[in-house]
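Novice: sharing a model prediction with you, sequence too.
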Amino acid sequence: MDVQERPLLALTLGDPSGIGPEITLKALLHREVFALCRPFVVGDRRILERTMPLLGEAAPTIFPVTDPAAGLFEPGFVSLLDLKNADPRDCPLGEISAVSGNAAVEYVFTATDLAIAGDIDGIVTAPLNKAAMHAAGYTYAGHTELLAERTRAEKVSMLLVGPNLKVVHVSTHVALSEAIARVTRKRVEEVIDIAYESCVALGIPDPLIAVAGLNPHAGEGGIFGNQEIEEIQPAIDAARARGLRVTDPQPGDTVFLRATKGLFDIVVAMYHDQGHIPMKLLAFDSGVNVSVGLPIIRTSVDHGTAFDIAGQGVASEESMLAAIDVAVKMVRARRTSAS
């Protein structure tokens, strides 16, 4: 593939006090990344330089850029858009820092604005820390909410992608009582549509969508709850009327196993832990978080900042590599659908 045809992807550095800088640099040591895309980092040079000793003799050379497309996309180099906003003295490793929280948000804002303008093809984000972000004055629940506001997207959901499981959520970062209240026909129907759009974005044109029930045994015909009858099934019926292939409400204790065996292309989970627990169990290191419903492509590692191991050189880049791979697939699928 010609260099200019490879997707141009921004890798945001994440919270400078966490493992984001380490896993980003480690991912860029893999030659195959440069065969897939043109990656560049949005971050701070001083943070990268602090991280370099963890890589030993394999440490790459920083290539500063002001125009991301003018980067040096070759193994052994890291093209960097330097925001100069994270003095290492104010971003101690493994600690919550308002400076780190602010820097992490600014990296995402910068990359998002480049994607909205069409200057880059997508964003791959390293983890930010919610407490640090809040300390900096940004009260978002996470990346998804930040990106939704920045792009003015109205219907956004979290998609988790693993080697053999895809999950999209009706709700995520809310209390369980609120999660139950959000299981409405309107929202479930929206997320079924998002599940369909997610599969298309990943190159699956006619997916079979499994919908998990909210209650044990999917309500057992109303014995254990009525949400399946009153809210979930009507949403399913409406989606079917529009030509989508959707199951009846499935028991949450078996639907994910069946999906991993290839019976379903994606699962609609009703709340955060229902979808996250099976994904973290099956693909803790290789799972990818995708914000769907945005006008831009954004993927992310599916783990946190891991302050407990920051700066030790032991963090795995596997999820970052998987996130880059998914972003490339989404760019290719979008280009195919547009041609």
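Specialist: Nice, thanks for sending it over. All values reported here derive from a predicted model rather than from experimental measurement.

Novice: does the nearest residue to residue 269 once chain neighbours are set aside lie in a helix or a strand, and which?
Specialist: In this structure, residue 269 finds its nearest non-sequential neighbour in residue 275, 3.1 Å apart by C-beta to C-beta, 6 or more residues apart in numbering. C-beta: built from backbone N, CA, C; applies to glycine. Using DSSP states H and E, residue 275 maps to helix 272-283.

Novice: only C-alpha atoms, please: export that helix in CSV.
Specialist: Only the C-alpha atoms of helix 272-283 are listed here, as CSV (Å, rounded to 0.1, in the frame of the first residue of the first chain):
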residue,chain,number,x,y,z
HIS,A,272,-22.0,-1.4,32.1
ASP,A,273,-21.0,-4.5,34.1
GLN,A,274,-23.3,-6.9,32.0
GLY,A,275,-21.1,-6.1,29.0
HIS,A,276,-17.8,-5.3,30.5
ILE,A,277,-17.4,-8.4,32.7
PRO,A,278,-17.4,-11.0,29.9
MET,A,279,-15.2,-8.7,27.8
LYS,A,280,-12.6,-8.2,30.5
LEU,A,281,-12.7,-11.9,31.3
LEU,A,282,-12.1,-12.9,27.7
ALA,A,283,-10.0,-10.1,26.4
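
Novice: in contact with residue 202, which residues?
Specialist: Counting by C-beta atoms under 8 Å, 6 or more residues apart in numbering, residue 202 makes contact with 161, 166, 326, 329, 330, 333.

Novice: what's the most distant pair in those?
Specialist: Farthest apart among the contacts of residue 202 by C-beta to C-beta are 166 and 333. That separation is 13.9 Å.

Novice: and these two? which has more neighbours close in?
Specialist: Remark: of residue 166 and residue 333, residue 166 carries more neighbours, 24 against 18, as counted by other C-beta atoms under 10 Å.

Novice: picking up where we left off before, which of the contacts of residue 202 lies closest to residue 60?
Specialist: Closest to residue 60, out of all of the contacts of residue 202 and judged by C-beta to C-beta, is residue 326, at 23.0 Å.

Novice: give me the element that closest one is part of.
Specialist: Per DSSP H and E: helix 318-338 holds residue 326.

Novice: other SSEs contacting that helix?
Specialist: Applying 3 or more C-beta pairs under 8 Å, 6 or more residues apart in numbering; DSSP states H and E, one finds that helix 318-338 makes contact with strand 8-12, helix 20-27, helix 31-36, strand 122-125, helix 185-201, strand 288-292, strand 298-301.

Novice: got the buried residues for it?
Specialist: 318-334 (16 or more other C-beta atoms under 10 Å).

Novice: go on, stretch 69-85?
Specialist: Within stretch 69-85, the residues that count as buried by 16+ other C-beta under 10 Å are 71, 73, 78, 79, 80, 81, 82, 83, 85.

Novice: and the fifth one, helix, strand or coil?
Specialist: The one in question is residue 80. Classification of residue 80 using DSSP: H, G, I helix; E, B strand; the rest coil returns strand.

Novice: mind starting the numbering at 39 from now?
Specialist: Noted, 39 is the first residue going forward, which turns the last one into residue 118.

Novice: and it, bridged to which residues?
Specialist: Beta-bridge pairing for residue 118 (DSSP bridges): residue 79, residue 102.

Novice: I'd say residue 195 and residue 331 touch.
Specialist: Yes. Contact criterion C-beta atoms under 8 Å: residue 195 and residue 331 qualify, at 5.8 Å.

Novice: joint contacts of the two?
Specialist: Joint contacts of residue 195 and residue 331 (C-beta under 8 Å, 6+ apart) are residue 232.

Novice: so for these two, which sits in the more crowded spot?
Specialist: Taking other C-beta under 10 Å, residue 195 and residue 331 do not tie; residue 195 has more neighbours (25 against 22).

Novice: what's the farthest-apart pair in the buried residues of stretch 107-123?
Specialist: Among the buried residues of stretch 107-123, the pair separated by the greatest distance (C-beta to C-beta) is 111 and 123, at 24.1 Å.

Novice: what's near enough to touch the residue nearest the centre of the chain?
Specialist: Most central in the chain under C-alpha atoms, centre = their mean is residue 327, positioned 2.7 Å from the mean C-alpha point. With contact set as C-beta under 8 Å, 6+ apart, residue 327 has these partners: 181, 196, 197, 198, 199, 337, 338, 339, 340, 361.

Novice: and the first one, what are its phi and psi?
Specialist: What it means is residue 181. Main-chain dihedrals, residue 181, degrees, to the nearest 10: phi -60, psi -40.

Novice: so it versus residue 149, what's the distance?
Specialist: 11 Å (C-beta to C-beta, to the nearest Å).

Novice: who touches both of these two?
Specialist: Contacts common to residue 181 and residue 149, judged by C-beta under 8 Å, 6+ apart, are residue 163.

Novice: who's more crowded, those two?
Specialist: More crowded of residue 181 and residue 149, by other C-beta under 10 Å: residue 149, with 30 against 24.
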